[in-house]
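Peer 1: Sequence and predicted structure are below.
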Amino acid sequence: MFMFLFLVVGLAVVVGAVTLSVIGGGENAPLPDVAPERLDDALPPDRPVDQADVESIRFPLAARGYRMAEVDDALSRIGAELAERDARIADLESALAGAQNHRVSIEKPEEGDHQ
């Protein structure tokens, strides 16, 4: 009987504490609405993303982990920038190979020319 009474009093104290915290502890105004935690795009808008940017990005937690839309947006941007860099590197490598072939053909003397 004593244990039952102890549990009822404990439950009443917990319910009272929760009620007071929800209604603002006696203040007239209820608790303000919390703005949803959103990722302030940590990736720089004015320059390409570098390794330090990727390592420093932190996603806000949601009820079941991370917000998939925010992670997808960040990964899409990183993927697009990496694809752009790969295309630029391929263009530069092909231009370099063409310039080297052109230089070799200019410097190589003709077989019939003897000075």
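Peer 2: Thanks, I have the structure now.

Peer 1: Kindly list the single helix or strand of this structure that scores lowest on mean pLDDT.
Peer 2: In the chain, no helix or strand scores lower on mean pLDDT, DSSP states H and E than strand 61-62, which sits at a mean of 74.

Peer 1: for the helix or strand following it, packing partners?
Peer 2: Per DSSP states H and E, strand 61-62 leads on to strand 65-66 as the next helix or strand towards the C-terminus. With contacts defined as 3 or more Cβ pairs under 8 Å, 6 or more residues apart in numbering; DSSP states H and E, strand 65-66 has no helix or strand neighbours. Where C-beta positions appear, they are placed from N, C-alpha and C, glycine not excepted.

Peer 1: What mean pLDDT does the helix or strand following strand 65-66 get?
Peer 2: Next helix or strand after strand 65-66 toward the C-terminus (DSSP H and E): helix 68-107. What helix 68-107 shows for mean pLDDT is 85.

Peer 1: before we move on, what about stretch 42-53?
Peer 2: On average, stretch 42-53 scores 79.

Peer 1: Give me the residues contacting it.
Peer 2: 56-58, 74, 77-78, 81, 85 (Cβ atoms under 8 Å, 6 or more residues apart in numbering).

Peer 1: Give me the most central residue, the chain.
Peer 2: In the chain, the residue lying closest to the centroid (Cα atoms, centre = their mean) is Ala74, at 4.5 Å.

Peer 1: how far away is that residue from Arg88?
Peer 2: Separation of Ala74 from Arg88 (Cβ to Cβ, to the nearest Å): 21 Å.

Peer 1: and the contacts of stretch 42-53 as TSV, adding distance to Arg67?
Peer 2: Formatted as TSV, the contacts of stretch 42-53 follow (distance: Cβ to Cβ, whole Å):
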residue	distance to Arg67
Ser56	18
Ile57	13
Arg58	12
Ala74	11
Arg77	15
Ile78	17
Glu81	21
Arg85	27
